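Q: Sequence plus the predicted model coming up.
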Amino acid sequence: MRKKITVVGAGRVGETTAHILARKALGDIVLVDIVPNLAAGKALDLMELRPIDDSDITITGTSGFEETAGSDVVVVTSGMPRKPGESREDLLRKNIGIVKPVSEQVMKYSPNAFLVVVANPLDTMTWVAKKVTGWPKNRVVGMAGILDAARLRCFIAMELGVSVKDVQAFVLGGHGDEMVPCVRYASVGGIPIEKLMSKEKIDAIVKRTRGAGGEIVKLLGFSAYFSPAAAAVEMVQAILKDEKRVVPCSAYLEGEYGANDIYLGVPVLLGAGGVEKVLEVDLTDEEKVMLANSIKLCSESIEEGKNLL
């Protein structure tokens with residue numbers, strides 16, 4: 001029997017996630033969106049793509065959760081972007097109002113699923129999903145670090161003119177300005193990047209990585225969706241195929257990195273058990289300060305979220 005994957009939200013990230021999942025044939029897909037006929041129309045379009053891809057998986061579109069029953073993995077992409085002049089609290093209230101009922105429906109219809117959260121603010125929304133479902137920490141995980149690390153790897157490869165396949169890098173901390181790119185651990189073909197480029201160039205790449213999402217918004221007028229969707233699919237694949245990937249994800253911390261009861265971007269072992277282990281790495285004093293600031297900001301956001309639940 002094929003695996004069953006639900007994607008909640010048929011916007012740009014959701015539809016692209018469903019598209020990549022379909023092309024990889026990771027399982028039958030249910031696309032859900034509250035807007036009538038939106039998910040159904042996009043699912044039908046993807047179904048009509050199957051003969052071109054030689055794929056026999058099924059893609060179903062619906063506005064309710066009944067058809068999602070028994071899903072193995074649920075990817076939550078639903079959420080609203082922050083509008084100009086909108087306060088952080090307003091954004092939190094709005095997206096908690098989306099993620100909370102979605103989590104309740106997922107818990108009702110797919111009580112044994114793994115939950116991959118993509119909605120922003122990422123770490124807070126992932127915490128909300130865990131709180132609402134009451135599920136074990138290994139089964140609720142947020143997508144951010146894979147995307148941020150991919151952007152860092154991309155910019156390193158572009159600067160050096162090398163294949164992205166040979167670039168390794170990861171990031172810690174929250175998603176956005178508070179991320180901590182661990183450049184000491186970045187390498188190209190096993191060679192530390194500090195041996196291949198100047199500190200000034202590395203600093204410029206770090207700055208661009210932190211602002212990569214905003215750079216795309218300035219160009220497009222809306223948020224990125226190809227790369228976030230691909231990052232979410234990479235996580236789904238790691239879980240369904242038990243790949244034992246070591247990747248940065250937003251994971252629930254209970255003392256690791258000096259943080260408790262928060263979700264934060266850290267390297268994890270991702271496999272059939274979901275987040276099977278949080279990996280702690282040695283940090284310099286400077287990196288510890290940056291990570292402490294990221295933990296503080298994430299904690300404050302989660303506290304706001306608690307008050308709005």
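A: Nice, I can see it. Just so it is clear, the model here is predicted, and its values are computed rather than measured.

Q: If you count contacts, what does the helix or strand harbouring residue 125 end up packed against?
A: Element membership of residue 125, judged by DSSP states H and E, is helix 122-133. When contacts are defined as 3 or more CB pairs under 8 Å, 6 or more residues apart in numbering; DSSP states H and E, helix 122-133 packs onto helix 88-109, strand 114-117, strand 140-142, strand 245-254, strand 260-271, helix 285-308. C-betas here are computed from N, CA, C, even on glycine.

Q: Reformat those as a markdown table; add mean pLDDT and distance to residue 17.
A: Converted to a markdown table, the helices and strands packed on helix 122-133 look like this (pLDDT from 0 to 100; distance: least, CB to CB, whole Å):
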| stretch | mean pLDDT | distance to residue 17 |
| --- | --- | --- |
| helix 88-109 | 92 | 15 |
| strand 114-117 | 98 | 9 |
| strand 140-142 | 98 | 14 |
| strand 245-254 | 97 | 16 |
| strand 260-271 | 97 | 17 |
| helix 285-308 | 93 | 24 |
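
Q: Quick one: closest of the ones you listed to residue 163.
A: strand 245-254 (19.2 Å; CB to CB).

Q: shaky segments in this protein?
A: 82-86, 88 (pLDDT under 70).

Q: so what's the spatially most central residue of it up against?
A: Central residue of the chain (CA atoms, centre = their mean): residue 143, 1.4 Å from the mean position. With contacts defined as CB atoms under 8 Å, 6 or more residues apart in numbering, residue 143 is in contact with 116-118, 122, 228, 231-232, 235, 249-250.

Q: possible to save the helices and strands packed on helix 122-133 as JSON lines with mean neighbour count?
A: Formatted as JSON lines, those follow (neighbours: other CB atoms under 10 Å):
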{"stretch": "helix 88-109", "mean neighbour count": "18"}
{"stretch": "strand 114-117", "mean neighbour count": "28"}
{"stretch": "strand 140-142", "mean neighbour count": "28"}
{"stretch": "strand 245-254", "mean neighbour count": "22"}
{"stretch": "strand 260-271", "mean neighbour count": "23"}
{"stretch": "helix 285-308", "mean neighbour count": "17"}
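
Q: Look up which residues are beta-bridged to residue 7.
A: As for beta bridges, residue 7 partners with residue 31, residue 75 under DSSP bridges.
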